[in-house]
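*Asks:* only geometry, no sequence info:
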């Protein structure tokens with residue numbers, strides 16, 4: 001098994017070089033002139049930024065034989081060598097952890113799942129370490145080094161400190177997860193909120209690529225929101241920017257675990273939906289699948305609960321559109337399995353609550369399995385490697 005200590009640093013030592021690299025990573029292969037146009041630099045500045053990256057093997061340049069111009073030589077394009085380095089991403093849920101081994105372009109090479117016997121920090125750390133070791137066994141001496149580990153956790157996460165301040169689903173407070181995981185795995189570790197991590201992956205490789213302003217709203221166990229403003233994922237001064245799950249949409253609504261009433265999450269979160277369907281129908285429901293089955297069977301009380309959830313989500317999305325004016329809002333998360341039951345209510349509530357041209361925001365759905373959330377964690381590790389002060 002390959003040693004897990006990082007033996008190198010990324011050669012881009014200026015913001016311009018990092019910007020050039022991430023542009024090629026997201027949109028390449030690109031001609032140097034196109035890179036210059038996209039990042040707003042001179043061709044000479046791009047050449048200066050590209051040179052050490054090519055010398056170190058992170059970028060490669062070659063002729064695109066399929067894009068010959070009408071006159072002159074074939075176009076020479078710059079692209080990222082995905083095989084130059086490997087990264088690991090881990091998504092922690094309430095009952096399992098999901099790990100992926102990716103290349104530098106964040107393409108998943110291997111994915112593994114490991115059940116969690118309990119949610120205590122010591123148990124989760126041991127499981128993360130075991131999963132990382134399993135993924136490292138997939139790396140032989142002929143492949144690239146593993147240069148970082150990203151961990152995605154729900155809740156209030158201080159990425160700069162690598163600390164989980166509060167995770168209601170894990171029942172954690174002030175857990176220095178990055179320091180602990182770095183000690184047990186030997187890898188540089190980035191810890192971030194799971195929705196923000198997924199937002200990084202969507203910004204670079206998904207439905208947000210090429211957009212300077214967009215939001216990612218996740219529905220499921222909780223209601224989360226990742227924000228990209230002027231090309232940067234926004235965490236805010238205290239790391240909790242985008243918490244639309246705790247926007248009040250009904251002041252007389254159900255009590256939320258945050259202490260307020262009528263939050264989006266208290267109406268549309270998975271646990272809230274199950275609880276409300278139980279009350280509405282009198283049925284003993286073991287889980288969200290059972291609640292969904294009742295609604296799909298046409299039980300009126302159950303369907304009403306999903307309709308109210310859709311309205312709450314729509315109002316929450318409208319709040320984001322009114323405040324930030326994103327070009328697009330992407331809806332994802334495991335809760336999309338019930339999308340047919342509340343899609344109309346989301347759309348109607350959004351249109352009703354969005355102000356003026358904010359209603360023109362492109363709202364679209366994008367179902368993503370948990371492997372993609374782990375890929376988001378790997379994307380944060382790649383981001384930290386490229387720009388070491390990210391999140392600080």
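*Replies:* Arrived safely. Since this is a predicted model, take the numbers as computed values, not measurements. Numbering: from 1, shown residues only.
*Asks:* strands along the stretch 201-350 of the chain, start to end?
*Replies:* Applying DSSP state E, counting those that start in this stretch to the stretch 201-350 of the chain gives strands spanning 214-219, 223-229, 232-234, 328-332.
*Asks:* out of those strands, which comes closest to residue 39?
*Replies:* In terms of C-beta to C-beta, the element of the strands of the stretch 201-350 of the chain nearest to residue 39 is strand 232-234, at 14.2 Å. Every C-beta, even on glycine, is put in place using the N, C-alpha and C of the backbone.
*Asks:* which parts of the closest one are buried?
*Replies:* Counting neighbours by 16 or more other C-beta atoms under 10 Å, one finds that the buried residues in strand 232-234 are residue 233.
*Asks:* give the pairing partners of that strand; include direction for each.
*Replies:* Here strand 232-234 has these sheet partners by DSSP bridges: strand 223-229 (antiparallel).
*Asks:* sorry, back to before: of the strands of the stretch 201-350 of the chain, which is nearest residue 23?
*Replies:* Among the strands of the stretch 201-350 of the chain, the nearest to residue 23 by C-beta to C-beta is strand 232-234 (13.9 Å).
*Asks:* format the strands of the stretch 201-350 of the chain as JSON lines; extra columns: distance to residue 192 and mean pLDDT.
*Replies:* Below are those laid out as JSON lines (distance: least, C-beta to C-beta, whole Å; pLDDT from 0 to 100):
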{"stretch": "strand 214-219", "distance to residue 192": "13", "mean pLDDT": "94"}
{"stretch": "strand 223-229", "distance to residue 192": "10", "mean pLDDT": "93"}
{"stretch": "strand 232-234", "distance to residue 192": "9", "mean pLDDT": "89"}
{"stretch": "strand 328-332", "distance to residue 192": "17", "mean pLDDT": "95"}
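*Asks:* give me whichever of those strands is most buried.
*Replies:* strand 214-219 (a mean of 27; mean count of other C-beta atoms under 10 Å).
*Asks:* does anything pack onto that strand? Which helices or strands?
*Replies:* Judged by 3 or more C-beta pairs under 8 Å, 6 or more residues apart in numbering; DSSP states H and E, strand 214-219 is in contact with helix 194-205, strand 223-229, helix 300-324, strand 328-332.
*Asks:* how about 10 Å then?
*Replies:* Other helices and strands packing on strand 214-219, by 3 or more C-beta pairs under 10 Å, 6 or more residues apart in numbering; DSSP states H and E, are helix 194-205, strand 223-229, helix 264-268, helix 300-324, strand 328-332, helix 339-353, strand 362-365.
*Asks:* packed most tightly, which of the ones you listed would that be?
*Replies:* Ranked by mean neighbour count, the helices and strands packed on strand 214-219 are led by helix 264-268 with a mean of 28 (mean count of other C-beta under 10 Å).
*Asks:* run the chain-centre distance for it.
*Replies:* Centroid separation between helix 264-268 and its chain, computed with C-alpha atoms, centre = their mean, to the nearest Å, is 21 Å.
*Asks:* please apply the same query to stretch 203-222.
*Replies:* Centre-to-centre, stretch 203-222 and its host chain are 7 Å apart (C-alpha atoms, centre = their mean).
*Asks:* start and end of it, how far apart?
*Replies:* 21 Å (C-alpha to C-alpha, to the nearest Å).
*Asks:* what of stretch 151-161?
*Replies:* For stretch 151-161, the end-to-end distance is 13 Å (C-alpha to C-alpha).
*Asks:* same question for stretch 356-376.
*Replies:* Stretch 356-376: ends 33 Å apart by C-alpha to C-alpha.
*Asks:* quick check: mean pLDDT across it?
*Replies:* For stretch 356-376, mean pLDDT rounds to 91.
*Asks:* what comes up buried for that stretch?
*Replies:* Neighbour-count burial for stretch 356-376 [16+ other C-beta under 10 Å]: 358, 361, 363, 365, 368, 370, 371, 372, 373, 374, 375, 376.
*Asks:* would you turn those residues into CSV with secondary structure?
*Replies:* CSV is the format used below for these (DSSP: H, G, I helix; E, B strand; the rest coil):
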residue, secondary structure
358, helix
361, coil
363, strand
365, strand
368, coil
370, helix
371, helix
372, helix
373, helix
374, helix
375, helix
376, helix
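*Asks:* nearest to residue 279, of those residues?
*Replies:* Among these, and counting by C-beta to C-beta, the member closest to residue 279 is residue 365, at 28.2 Å.
*Asks:* would you check how far apart the closest residue to the closest one other than its chain neighbours and residue 351 are?
*Replies:* Leaving aside its chain neighbours, residue 365 sits nearest to residue 331 (4.8 Å; criterion: C-beta to C-beta, 6 or more residues apart in numbering). From residue 331 over to residue 351 the distance is 15 Å, taken as C-beta to C-beta, to the nearest Å.
*Asks:* now swap in residue 242 and tell me
*Replies:* For residue 242, the distance to residue 351 - C-beta to C-beta - is 22 Å.
*Asks:* let's have the strands of the stretch 201-350 of the chain in JSON lines, adding distance to residue 173.
*Replies:* As requested, these are exported to JSON lines (distance: least, C-beta to C-beta, whole Å):
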{"stretch": "strand 214-219", "distance to residue 173": "22"}
{"stretch": "strand 223-229", "distance to residue 173": "19"}
{"stretch": "strand 232-234", "distance to residue 173": "24"}
{"stretch": "strand 328-332", "distance to residue 173": "27"}
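*Asks:* right, and those - which one's nearest residue 383?
*Replies:* strand 232-234 (8.7 Å).
*Asks:* list the contacts of that closest one.
*Replies:* With contact meaning C-beta atoms under 10 Å, 6 or more residues apart in numbering, strand 232-234 is reached by 159, 192, 196-197, 199-200, 202-203, 208, 212-213, 215-216, 226-228, 241-242, 324, 380, 383, 390-391.
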